[in-house]
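[1] Predicted model and sequence follow; I will ask about them next.
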Number of protein chains: 2
Amino acid sequence: MATETELSPRKVTILMAIIKSYLETGEPVGSRTISKETDLNLSSATIRNEMSDLEDLGYIIQPHTSAGRIPSDKGYRFYVDHLMESKDKEVQKMQEFYLEKTEKMEHLLKQVVKVIANNTQYATMMTTSRSRENVVKFVQLSMVHDEQLLAVVVMENNMVKNRIIPLDEPIDAENLLKLNMILNSSLNGLSVNEINLSVITAMKDQAGVHEDIIGEVIDTVAATISTEEEVEVYTSGATNILKYPELSDSGMSHQLLEAFEEKSELASLFADDGENETGIQVYIGSEAPSEKMKDCSVVTATYELGDGVKGTIGIVGPKRMDYDNVVSNLRNLKGQLDQLFKDNK
Amino acid sequence: MATETELSPRKVTILMAIIKSYLETGEPVGSRTISKETDLNLSSATIRNEMSDLEDLGYIIQPHTSAGRIPSDKGYRFYVDHLMESKDKEVQKMQEFYLEKTEKMEHLLKQVVKVIANNTQYATMMTTSRSRENVVKFVQLSMVHDEQLLAVVVMENNMVKNRIIPLDEPIDAENLLKLNMILNSSLNGLSVNEINLSVITAMKDQAGVHEDIIGEVIDTVAATISTEEEVEVYTSGATNILKYPELSDSGMSHQLLEAFEEKSELASLFADDGENETGIQVYIGSEAPSEKMKDCSVVTATYELGDGVKGTIGIVGPKRMDYDNVVSNLRNLKGQLDQLFKDNK
DNA sequence: GTTAGCACTCCAATCGAATGAGTGCTAACA
DNA sequence: TGTTAGCACTCATTCGATTGGAGTGCTAAC
């Protein structure tokens, strides 16, 4: 990073002070303020000179002549990078919260978004990556009724899916047992995309008389474990968006809230990302993954949720976001989750 | 209804004209407008006299001196009642839409709220009544793994619930079969609140050695079919609230959107209601079920969704709502749903 | 390199006048 | 008795002008 050569230490101090003040107040910050707030013992005139330089370098912006300065995207970027570096060494300010142990992933994720949204006061969403590596652990067909067959599929990560299949005629116990054996011996240990035509044909051969039924069952099982249903998105605190005038005044808030309502859209935004990096990522303004969020900042983090499932959390707030708090929350969350899944193992 | 004696036909015409105009424009409506719009051929002065009377009677309100009149809650109420009556006789304006057939209730409900929210442009939610009459049809325990027991419960309405129970030690096939028999013979045909302590004790007695396990299983089954999880709320178009200035300007919109985000809260609002009446209900202003909605109107309708399950839909919009359109949508929905469940049967 | 001083810019708030929609009332009319 | 024309009055809204203040940029002196 070329920042060291580009900015003198004094400029860094001033830039940080400007951003800090702006994060707190939301108002453009003037030279006098900086002169008083910092312990540089410089007059406002000197600060003005430095600020003029900082503006030329693109770190701060003047909304209009005779107003104070506000950070540019580049300024925020500098602040965030600086923050990340320094926090690696320092002892983190701990953000205290606890996650209750729970059996269902669904509950855990709901809890997580709620806690984070509450702590940060920003809109929060979380989704799990549909890990295609997920493997069938157990399949079972049962007769629920004369004309209804219940198919239950348990995946390696303990996700359970089920479906009721209507039948024309009942299957007797013997054949049911046989079908169950065929299904389990053929499917167990296979991931969704390993279940190809040849596996299916082999099963149908074994099924004999009930070939047609097994076809339907397979279809059902495939649909059941298909990825489509699998991607759930959990959100919380979407309405926090309305708390920040810079977002709620423009039509922006409407679009953002719609995005949070239309969860499927969100999922795709964050899905691709975080494949390689599992750390915390900060997207400022135009860096954000969606055009809709160009006036926002987005912080994402990806976590291991055990059994090869990855979860991505995303926090959306104004550019004037309390990055410090958000990042320390996400760091703490990592700790919590890691511990949770270590214990569960 | 005493309206006929209270209001002369001419007053009715004027009142309807006022409301109609206000619904369209959202602006207070003056005497001149009415004089021109109606075919009563009366001068504005006469209209003014009549309007003065209507105000004394409480049907319309003047927001401030020298402004036009807007309908009061009582005025809206009159309009709506009048609308309902007349529409019973007239041929309904048909609101065209189609629901795709789908297997899962969940999908159907998601579709319904989406269609209605789109058609009306108001915030829409739907929930199913936790019909306590629901009865256990089928229970099954299976060993998924050495230390994991899968419990699946199917209710009479084909709702399927499942849970994985961690075990300390595996159960052998023989005992598993026995447990399954005990569970099915004891529970099948019972509704949730018929499963009381004596039933449970009886089962535990039969279970013998595995008493402790059956206790846990029962707890799980109870939790599984407990009402808590059962009430799902589907929403769509919540952000439509922002489209109506009278709601979005005051802090109102924030609260409303929060309510729509915190779905559980909504559920309880509409749950009690509609037990007796299965028709369409209109709540205007302070009649609305929640303090938060005192500046809104709420239209609810309850439907039979087959197998004794009832669904309640609720539409929340400004008092200046297009009641006509909303009601005809809900009427059409009733037709669609009835047909859908007739076919399925 | 730093500082004091000063002219200048521009936003935001304030005030007042003009505007116009709409009413209430009165007197005349059928 | 019901209807209408006319007129004075009220009040929200709009617009422009004024003002105050915060902040800058520049220059000259330290």
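    Thanks, I have it.
[2] Just the buried positions in stretch A:283-299, please.
    A:283-285, A:288-290, A:292-293, A:295-299 (16 or more other C-beta atoms under 10 Å in any protein chain shown). All C-beta atoms are positioned from the backbone trio N, CA, C, and that covers glycine.
[3] Please, where are all the strands along the stretch 1-150 of chain A?
    Using DSSP state E, counting those that start in this stretch, the strands of the stretch 1-150 of chain A run over A:60-61, A:70-71, A:123-128, A:136-145, A:148-155.
[4] Reformat the buried residues of stretch A:283-299 into CSV and put secondary structure next to each item.
    Output for those, formatted as CSV (DSSP: H, G, I helix; E, B strand; the rest coil):
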residue, secondary structure
A:Tyr283, strand
A:Ile284, strand
A:Gly285, helix
A:Ala288, coil
A:Pro289, coil
A:Ser290, coil
A:Lys292, helix
A:Met293, helix
A:Asp295, coil
A:Cys296, strand
A:Ser297, strand
A:Val298, strand
A:Val299, strand
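[5] got those residues as TSV, with distance to chain B columns?
    Output for those, formatted as TSV (distance: C-beta to the nearest C-beta, whole Å):
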residue	distance to chain B
A:Tyr283	23
A:Ile284	25
A:Gly285	23
A:Ala288	20
A:Pro289	20
A:Ser290	16
A:Lys292	13
A:Met293	16
A:Asp295	17
A:Cys296	16
A:Ser297	21
A:Val298	19
A:Val299	20
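[6] and those residues, which two are the farthest apart?
    Across those, no pair lies farther apart than A:Lys292 and A:Val299, at 16.3 Å, counting by C-beta to C-beta.
[7] right, and A:Ala238 touches A:Ala123 too?
    Yes - with contact defined as C-beta atoms under 8 Å, A:Ala238 and A:Ala123 form a contacting pair (4.8 Å).
[8] what is in contact with the two at once?
    A:Leu256, A:Phe260 (C-beta atoms under 8 Å, 6 or more residues apart in numbering or on different chains).
[9] any idea how far A:Asn188 lies from A:Val199?
    The spacing between A:Asn188 and A:Val199, counted by C-beta to C-beta, to the nearest Å, is 12 Å.
[10] Could you do A:Asp172 as well?
    26 Å.
[11] In terms of neighbours, single out the busier of those two.
    Using other C-beta atoms under 10 Å in any protein chain shown, the more surrounded residue of A:Asp172 and A:Val199 is A:Val199, with 14 against 10.
[12] Nearest residue to the more buried one in space, please, no chain neighbours.
    Counting by C-beta to C-beta, 6 or more residues apart in numbering or on different chains, A:Val199 lies nearest to A:Ser186, which is 6.1 Å off, once chain neighbours are set aside.
[13] show me what contacts the one you found?
    A:Val199, A:Ala202, A:Met203, A:Gln206.
[14] okay, it: pLDDT?
    Predicted confidence (pLDDT) for A:Ser186: 87.
[15] Around chain B, which positions in the stretch 51-200 of chain A sit nearby?
    Applying C-beta under 8 Å from any C-beta of the partner chain, one finds that the stretch 51-200 of chain A approaches chain B through A:103, A:137-138, A:140, A:142, A:144-145, A:148, A:150, A:152, A:154, A:158, A:160, A:162-164.
[16] Go through those and name the one with the lowest pLDDT.
    Least confident of these in the model: A:Glu103, at 60.
[17] Look up the closest residue to A:Ser250, ignoring the ones flanking it.
    Of all residues not flanking A:Ser250 in the chain, A:Asp295 sits nearest, at 7.3 Å (C-beta to C-beta, 6+ apart).
[18] helices or strands up against the helix or strand hosting A:Val199?
    Using DSSP states H and E, A:Val199 maps to helix A:197-207. Applying 3 or more C-beta pairs under 8 Å, 6 or more residues apart in numbering or on different chains; DSSP states H and E, we find helix A:197-207 packed against helix A:173-187, helix A:211-225.
[19] got the contact list for it?
    The contact list for helix A:197-207, computed with C-beta under 8 Å, 6+ apart, reads A:Lys178, A:Leu179, A:Ile182, A:Leu183, A:Ser186, A:Leu187, A:Leu190, A:Glu211, A:Ile213, A:Ile214, A:Gly215, A:Ile218.
[20] Tell me the buried residues in that helix?
    The neighbour-count check on helix A:197-207 (16+ other C-beta under 10 Å) flags A:Ile200, A:Met203, A:Lys204, A:Gln206, A:Ala207 as buried.
[21] of the strands of the stretch 1-150 of chain A, which approaches B:Ile47 most closely?
    That would be strand A:123-128 among the strands of the stretch 1-150 of chain A, by C-beta to C-beta, at 49.8 Å.
[22] strands paired with that closest one, and their directions?
    Strand A:123-128 has these partner strands in its sheet, going by DSSP bridges: strand A:233-236 (antiparallel), strand A:310-318 (antiparallel).
[23] Please identify the most buried of the ones you listed.
    Sort the strands paired with strand A:123-128 by mean neighbour count, taking mean count of other C-beta atoms under 10 Å in any protein chain shown, and strand A:310-318 sits at the top with a mean of 24.
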